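> Give the three-dimensional model of this entry:
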Amino acid sequence: MPPKSIFVAALFCLLAVLSPALAGAQNAAGAPSGSQPPVAYASVSELNGILSQLQQTAQNMQADLQKTRIEKWKTDGNTKKQTLADVDSIQRNLQSTLPDTIAQLNSSPEDLGASFKLYRNLDALYDVFGSVAEAAGAFGSKDEFQSLDNDLNGLKNARRAFAERMQKLTASKEDELTRLRAQVKTLTAAPPPPPKKIVVDDTEPPKKAAKKKLAQPKPATTTPTSAPPSK
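Below you'll find the predicted structure:
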(Lines give C-alpha, C1' and ligand atoms only; values in the text may rest on other atoms or scores of the structure.)
Protein backbone atom coordinates (compact mmCIF):
# COMPACT_ATOMS: atom_id res chain seq x y z
CA MET A 1 0.00 0.00 0.00
CA PRO A 2 1.42 3.47 -0.92
CA PRO A 3 2.48 5.73 1.99
CA LYS A 4 -0.29 8.21 1.18
CA SER A 5 -2.93 5.49 1.37
CA ILE A 6 -1.50 4.25 4.65
CA PHE A 7 -1.68 7.78 6.09
CA VAL A 8 -5.28 8.27 4.95
CA ALA A 9 -6.38 4.89 6.29
CA ALA A 10 -4.66 5.42 9.63
CA LEU A 11 -6.07 8.91 9.97
CA PHE A 12 -9.58 7.71 9.15
CA CYS A 13 -9.36 5.00 11.82
CA LEU A 14 -8.11 7.51 14.39
CA LEU A 15 -10.89 9.95 13.57
CA ALA A 16 -13.46 7.18 13.85
CA VAL A 17 -12.19 6.39 17.34
CA LEU A 18 -11.74 9.96 18.55
CA SER A 19 -15.08 11.45 17.45
CA PRO A 20 -17.48 9.25 19.52
CA ALA A 21 -15.00 8.99 22.37
CA LEU A 22 -14.71 12.76 22.65
CA ALA A 23 -18.48 13.15 22.62
CA GLY A 24 -18.92 10.51 25.32
CA ALA A 25 -16.21 11.94 27.53
CA GLN A 26 -17.58 15.47 27.22
CA ASN A 27 -21.07 14.31 28.18
CA ALA A 28 -19.70 12.34 31.15
CA ALA A 29 -17.70 15.35 32.30
CA GLY A 30 -20.83 17.48 32.29
CA ALA A 31 -20.44 19.37 29.00
CA PRO A 32 -23.77 20.32 27.39
CA SER A 33 -24.76 17.96 24.60
CA GLY A 34 -24.21 19.42 21.11
CA SER A 35 -22.27 22.44 22.38
CA GLN A 36 -19.26 23.61 20.39
CA PRO A 37 -16.19 24.74 22.34
CA PRO A 38 -14.66 28.08 21.30
CA VAL A 39 -12.05 27.84 18.54
CA ALA A 40 -8.69 29.55 18.97
CA TYR A 41 -7.99 32.53 16.70
CA ALA A 42 -4.74 30.96 15.47
CA SER A 43 -6.61 27.85 14.33
CA VAL A 44 -9.25 29.85 12.45
CA SER A 45 -6.57 32.05 10.87
CA GLU A 46 -4.61 29.00 9.70
CA LEU A 47 -7.73 27.45 8.18
CA ASN A 48 -8.70 30.67 6.42
CA GLY A 49 -5.25 30.88 4.85
CA ILE A 50 -5.44 27.31 3.52
CA LEU A 51 -8.99 27.73 2.20
CA SER A 52 -8.17 31.04 0.55
CA GLN A 53 -5.30 29.42 -1.34
CA LEU A 54 -7.52 26.46 -2.24
CA GLN A 55 -10.36 28.63 -3.55
CA GLN A 56 -7.96 30.64 -5.72
CA THR A 57 -6.51 27.42 -7.12
CA ALA A 58 -10.03 26.11 -7.83
CA GLN A 59 -10.85 29.25 -9.82
CA ASN A 60 -7.66 28.90 -11.84
CA MET A 61 -8.42 25.22 -12.50
CA GLN A 62 -11.87 26.02 -13.88
CA ALA A 63 -10.59 28.80 -16.11
CA ASP A 64 -7.70 26.73 -17.49
CA LEU A 65 -9.91 23.69 -18.14
CA GLN A 66 -12.30 25.83 -20.17
CA LYS A 67 -9.38 27.02 -22.32
CA THR A 68 -8.11 23.49 -22.94
CA ARG A 69 -9.04 22.25 -26.43
CA ILE A 70 -9.08 18.50 -25.92
CA GLU A 71 -10.88 17.91 -29.22
CA LYS A 72 -7.75 19.19 -31.04
CA TRP A 73 -5.32 16.92 -29.24
CA LYS A 74 -3.27 14.54 -31.37
CA THR A 75 -4.59 11.31 -29.92
CA ASP A 76 -7.29 8.69 -30.46
CA GLY A 77 -10.98 9.20 -29.83
CA ASN A 78 -11.13 7.01 -26.71
CA THR A 79 -8.44 9.07 -24.97
CA LYS A 80 -10.24 12.29 -25.84
CA LYS A 81 -13.56 10.88 -24.61
CA GLN A 82 -12.06 9.73 -21.29
CA THR A 83 -10.30 13.05 -20.75
CA LEU A 84 -13.49 15.00 -21.49
CA ALA A 85 -15.35 12.85 -18.95
CA ASP A 86 -12.65 13.54 -16.35
CA VAL A 87 -12.86 17.28 -17.04
CA ASP A 88 -16.63 17.20 -16.65
CA SER A 89 -16.27 15.37 -13.32
CA ILE A 90 -13.68 17.91 -12.11
CA GLN A 91 -15.89 20.85 -13.09
CA ARG A 92 -18.88 19.44 -11.18
CA ASN A 93 -16.69 18.93 -8.13
CA LEU A 94 -15.25 22.45 -8.28
CA GLN A 95 -18.68 24.02 -8.72
CA SER A 96 -20.66 22.00 -6.16
CA THR A 97 -18.91 19.44 -3.97
CA LEU A 98 -15.86 21.51 -3.05
CA PRO A 99 -17.79 24.70 -2.08
CA ASP A 100 -20.20 22.63 0.03
CA THR A 101 -17.42 20.93 1.99
CA ILE A 102 -15.63 24.26 2.48
CA ALA A 103 -18.81 25.86 3.81
CA GLN A 104 -19.35 22.95 6.20
CA LEU A 105 -15.82 23.30 7.53
CA ASN A 106 -16.14 27.08 7.88
CA SER A 107 -19.10 26.59 10.20
CA SER A 108 -17.12 24.11 12.36
CA PRO A 109 -13.40 24.88 11.83
CA GLU A 110 -12.11 22.04 14.03
CA ASP A 111 -14.69 19.39 13.24
CA LEU A 112 -12.81 16.18 12.52
CA GLY A 113 -15.47 14.70 10.27
CA ALA A 114 -15.75 17.81 8.10
CA SER A 115 -11.96 18.11 7.94
CA PHE A 116 -11.52 14.54 6.74
CA LYS A 117 -14.36 14.94 4.22
CA LEU A 118 -12.58 17.91 2.62
CA TYR A 119 -9.23 16.11 2.62
CA ARG A 120 -10.71 13.08 0.84
CA ASN A 121 -12.24 15.37 -1.78
CA LEU A 122 -8.90 17.11 -2.35
CA ASP A 123 -7.22 13.73 -2.69
CA ALA A 124 -9.73 12.61 -5.33
CA LEU A 125 -9.45 15.92 -7.19
CA TYR A 126 -5.67 15.70 -7.24
CA ASP A 127 -5.71 12.20 -8.75
CA VAL A 128 -8.21 13.00 -11.53
CA PHE A 129 -6.77 16.44 -12.34
CA GLY A 130 -3.30 14.93 -12.40
CA SER A 131 -4.35 12.50 -15.13
CA VAL A 132 -5.77 15.38 -17.20
CA ALA A 133 -2.58 17.42 -16.79
CA GLU A 134 -0.49 14.40 -17.77
CA ALA A 135 -2.60 13.87 -20.90
CA ALA A 136 -2.21 17.55 -21.77
CA GLY A 137 1.55 17.17 -21.54
CA ALA A 138 1.46 14.20 -23.89
CA PHE A 139 -1.14 15.34 -26.46
CA GLY A 140 -1.92 19.03 -25.89
CA SER A 141 -0.12 22.27 -26.43
CA LYS A 142 2.75 23.48 -24.29
CA ASP A 143 0.68 26.35 -22.89
CA GLU A 144 -2.16 24.02 -21.92
CA PHE A 145 0.18 21.72 -20.08
CA GLN A 146 1.99 24.57 -18.33
CA SER A 147 -1.26 26.10 -17.07
CA LEU A 148 -2.69 22.80 -15.85
CA ASP A 149 0.61 21.80 -14.26
CA ASN A 150 0.70 25.07 -12.30
CA ASP A 151 -2.84 24.40 -11.08
CA LEU A 152 -1.85 20.88 -10.09
CA ASN A 153 1.03 22.22 -8.00
CA GLY A 154 -1.32 24.69 -6.31
CA LEU A 155 -3.74 21.87 -5.50
CA LYS A 156 -0.86 19.76 -4.21
CA ASN A 157 0.30 22.55 -1.89
CA ALA A 158 -3.21 23.09 -0.55
CA ARG A 159 -3.66 19.38 0.06
CA ARG A 160 -0.33 19.12 1.87
CA ALA A 161 -1.07 22.15 4.05
CA PHE A 162 -4.45 20.72 4.95
CA ALA A 163 -2.95 17.31 5.74
CA GLU A 164 -0.49 18.96 8.15
CA ARG A 165 -3.35 20.84 9.81
CA MET A 166 -5.30 17.61 10.22
CA GLN A 167 -2.33 15.95 11.90
CA LYS A 168 -2.06 18.80 14.42
CA LEU A 169 -5.81 18.89 14.94
CA THR A 170 -5.96 15.13 15.53
CA ALA A 171 -3.13 15.31 18.06
CA SER A 172 -4.90 18.18 19.84
CA LYS A 173 -8.17 16.25 19.99
CA GLU A 174 -6.35 13.20 21.32
CA ASP A 175 -4.85 15.33 24.13
CA GLU A 176 -8.31 16.72 24.84
CA LEU A 177 -9.71 13.22 25.03
CA THR A 178 -6.98 12.21 27.49
CA ARG A 179 -7.81 15.20 29.74
CA LEU A 180 -11.52 14.50 29.60
CA ARG A 181 -10.98 10.86 30.50
CA ALA A 182 -8.89 11.96 33.48
CA GLN A 183 -11.70 14.30 34.57
CA VAL A 184 -14.26 11.53 34.27
CA LYS A 185 -12.04 9.20 36.27
CA THR A 186 -11.61 11.84 38.99
CA LEU A 187 -15.33 12.51 39.18
CA THR A 188 -16.10 8.81 39.31
CA ALA A 189 -13.58 8.19 42.10
CA ALA A 190 -14.78 11.12 44.26
CA PRO A 191 -16.33 10.01 47.60
CA PRO A 192 -20.09 10.41 47.90
CA PRO A 193 -21.36 13.38 49.94
CA PRO A 194 -22.00 12.64 53.65
CA PRO A 195 -25.60 11.78 54.54
CA LYS A 196 -27.72 14.57 55.88
CA LYS A 197 -28.23 14.56 59.66
CA ILE A 198 -31.80 14.52 60.89
CA VAL A 199 -32.19 16.43 64.19
CA VAL A 200 -35.01 15.30 66.42
CA ASP A 201 -36.25 17.89 68.93
CA ASP A 202 -37.15 15.89 72.03
CA THR A 203 -37.33 18.86 74.43
CA GLU A 204 -41.06 19.32 74.03
CA PRO A 205 -42.73 18.92 77.46
CA PRO A 206 -45.04 15.97 77.81
CA LYS A 207 -48.68 16.68 77.53
CA LYS A 208 -50.69 16.59 80.77
CA ALA A 209 -53.13 13.75 81.10
CA ALA A 210 -56.73 14.87 80.98
CA LYS A 211 -58.53 14.61 84.35
CA LYS A 212 -61.53 12.40 84.47
CA LYS A 213 -64.71 14.06 85.73
CA LEU A 214 -66.02 12.57 88.99
CA ALA A 215 -69.60 11.48 88.91
CA GLN A 216 -71.87 13.65 91.10
CA PRO A 217 -73.78 11.61 93.82
CA LYS A 218 -77.49 11.53 93.30
CA PRO A 219 -79.60 13.24 96.10
CA ALA A 220 -81.23 10.82 98.51
CA THR A 221 -84.96 10.41 98.09
CA THR A 222 -87.09 10.43 101.36
CA THR A 223 -90.15 8.24 101.62
CA PRO A 224 -93.08 10.26 103.09
CA THR A 225 -94.42 8.77 106.35
CA SER A 226 -98.18 8.33 106.72
CA ALA A 227 -99.86 10.29 109.58
CA PRO A 228 -101.23 8.18 112.50
CA PRO A 229 -104.96 7.67 112.43
CA SER A 230 -106.97 10.10 114.64
CA LYS A 231 -108.84 8.75 117.57
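> for the protein, what spans make up the helices?
With DSSP state H as the criterion, the chain has helices at 3-28, 41-67, 77-92, 98-107, 112-139, 142-189.
> Correct me if wrong: residue 57 contacts residue 159.
No: assessed by C-beta atoms under 8 Å, residue 57 is found out of contact with residue 159, at 9.9 Å. C-beta: built from backbone N, CA, C; applies to glycine.
> tell me the contacts of the residue nearest to residue 47 when sequence neighbours are not counted?
Leaving aside its sequence neighbours, residue 47 sits nearest to residue 109 (C-beta to C-beta, 6 or more residues apart in numbering; 5.1 Å). By C-beta atoms under 8 Å, 6 or more residues apart in numbering, the contact set of residue 109 is 39, 43-44, 47.
> Ramachandran angles for residue 109?
Main-chain torsions, residue 109, degrees, to the nearest 10: phi -60, psi -30.
> Nearest spatial neighbour of residue 54, chain-adjacent residues omitted?
In space, and not counting its chain neighbours, residue 54 is closest to residue 158: 4.2 Å by C-beta to C-beta, 6+ apart.
> Look up how far residue 38 lies from residue 55.
Distance of residue 55 to residue 38, computed by C-beta to C-beta, to the nearest Å: 25 Å.
> Now the helices of the chain in CSV, please, with extra columns for mean neighbour count, mean pLDDT and distance to residue 198.
Below are the helices of the chain laid out as CSV (neighbours: other C-beta atoms under 10 Å; pLDDT from 0 to 100; distance: least, C-beta to C-beta, whole Å):
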stretch, mean neighbour count, mean pLDDT, distance to residue 198
helix 3-28, 14, 48, 33
helix 41-67, 15, 95, 54
helix 77-92, 14, 96, 73
helix 98-107, 15, 95, 54
helix 112-139, 18, 95, 51
helix 142-189, 16, 88, 28
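> could I get those as CSV with distance to residue 197?
Below are the helices of the chain laid out as CSV (distance: least, C-beta to C-beta, whole Å):
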stretch, distance to residue 197
helix 3-28, 31
helix 41-67, 51
helix 77-92, 73
helix 98-107, 52
helix 112-139, 49
helix 142-189, 25
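> So for residue 196, which of those sits nearest?
For those, proximity to residue 196 was assessed by C-beta to C-beta; helix 142-189 is nearest, at 21.4 Å.
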